[in-house]
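S.K.: Provide a 3D model corresponding to the input given below.
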Amino acid sequence: MLTMLINKEPEWTFQHGQLNNLERSTDKIAIAYIRAKCPNVVTLRDWGATVRTSSYTMKYLILISALAYVAYSQVPGPCESPKQWEGRVFTTDRSKNFTQIGKVSYDETQRRERVIEEVEFGSDRDYFDSLFLHNVGKAYILNLKTRKCNVTNLTEPFIPRGVPREAEFAGSATIGAAGVPGEFMVVENFRGTFRSSGSKFFGVSTVPDCFPIEFGYYSEKTGFVQQTIFDANIGISDPNVFIPPKECL
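M.R.: Predicted coordinates for the structure are as follows:
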């Protein structure tokens, strides 16, 4: 906090040659502004020295402090993704030689999702209808070839496919040819750590609707998993999609 003593007449106690006395200040914005606007500068009361400057200079200092506060308060936070949507998701986990492509029905509000998917483990390929109900702690995994269903308890926390609450804004970018109509898209990047599991995550979402198009996370248990979302629509078209298959009942 800069503390100034204002005289009735403009008066400078310190000359330009003593400007280096300010270098210890933690208020770099104020110092840069003073350097540009006030050649015959000042030091800080916090260091045990008294500053004499004009009321004109004081007004400038108040102005730059206000501008710095406004700039800080406008740092973007994470956007809010749609809570319900359907689309296709491509998932890969290279550490396990695993890939998956499937149609997803996603409901973040109730912490549930259904995925009809083709899965590859190395050279093996299979097809599943998987229902994950984190709201009741159950998973129903139906093999579409054998029609056998496996019902298990869910112990892992629900991982949002949108922008998580813990996310931090990590910058904007342009995908495609910037400035060419119809050939580019502006996106926002985010990153963070899940409080529930400690897993690291990152992602990419559209602007301005915050629809997720890329998401990845890492934990010691799962390794690094990366997902790409495409052909998506907001909302759930079939209200019965979260009912377990009859083979699982």
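
S.K.: so who does residue 130 touch?
M.R.: 114-117, 139-142 (CB atoms under 8 Å, 6 or more residues apart in numbering). In short, each C-beta sits where N, CA and C put it, glycine included.

S.K.: where in the protein is pLDDT low?
M.R.: Along the chain, segments meeting pLDDT under 70 span 1-76.

S.K.: Helices of that one, start to end?
M.R.: In the chain, the segments counted as helices under DSSP state H are 28-37, 55-73.

S.K.: Just give me the neighbour total for the closest residue to residue 112 other than its chain neighbours.
M.R.: Once flanking residues are discounted, residue 112 sits nearest to residue 133: 4.8 Å by CB to CB, 6 or more residues apart in numbering. Look at residue 133: counted by other CB atoms under 10 Å, it has 20 neighbours.

S.K.: what residues are up against residue 133?
M.R.: 111-112, 139-140, 154, 242.

S.K.: ok so, going back, grab the two from the contacts of residue 130 that are most spread out in space.
M.R.: 116 and 139 (14.5 Å; CB to CB).

S.K.: Report how many residues lie close to the nearest residue to residue 82 once chain neighbours are set aside.
M.R.: Leaving out its chain neighbours, the residue that sits closest to residue 82 by CB to CB, 6+ apart is residue 234, at 4.9 Å. Residues lying near residue 234 (other CB under 10 Å) number 13.

S.K.: From residue 131, how far off is residue 234?
M.R.: Using CB to CB, to the nearest Å, residue 234 is found at 21 Å from residue 131.

S.K.: first to last residue in stretch 216-227, what's the distance?
M.R.: End-to-end distance for stretch 216-227, by CA to CA, to the nearest Å: 6 Å.

S.K.: Just the buried positions in that stretch, please.
M.R.: 216-217, 219, 225-227 (16 or more other CB atoms under 10 Å).

S.K.: any idea which of those residues is closest to residue 84?
M.R.: residue 227 (17.4 Å).

S.K.: Residues touching the longest strand along the chain, excluding its own?
M.R.: Longest strand in the chain, counting residues (DSSP state E): strand 223-234. Under the criterion CB under 8 Å, 6+ apart, residues 82, 84-96, 104, 161, 211-218 lie in contact with strand 223-234.

S.K.: and with 7 Å instead?
M.R.: 82, 85-93, 95-96, 211-218 (CB atoms under 7 Å, 6 or more residues apart in numbering).

S.K.: repeat for stretch 87-103
M.R.: 104, 115-122, 223-233.

S.K.: Counting neighbours, which of the residues you listed end up buried?
M.R.: 104, 115-117, 119, 225-229, 232.

S.K.: before we move on, back to that, how much space separates the residue nearest to residue 82 from residue 84?
M.R.: 7 Å.

S.K.: And for residue 106?
M.R.: 7 Å.

S.K.: the more surrounded of those two?
M.R.: Taking other CB under 10 Å, residue 106 and residue 84 do not tie; residue 106 has more neighbours (23 against 13).

S.K.: Look up which residues are beta-bridged to that one.
M.R.: residue 85, residue 113 (DSSP bridges).

S.K.: Contacts only, for it.
M.R.: 84-85, 113, 161.

S.K.: now, which of those residues sits nearest residue 148?
M.R.: So of the contacts of residue 106, ranked by how close each gets to residue 148 (CB to CB), first place is residue 113, at 21.2 Å.
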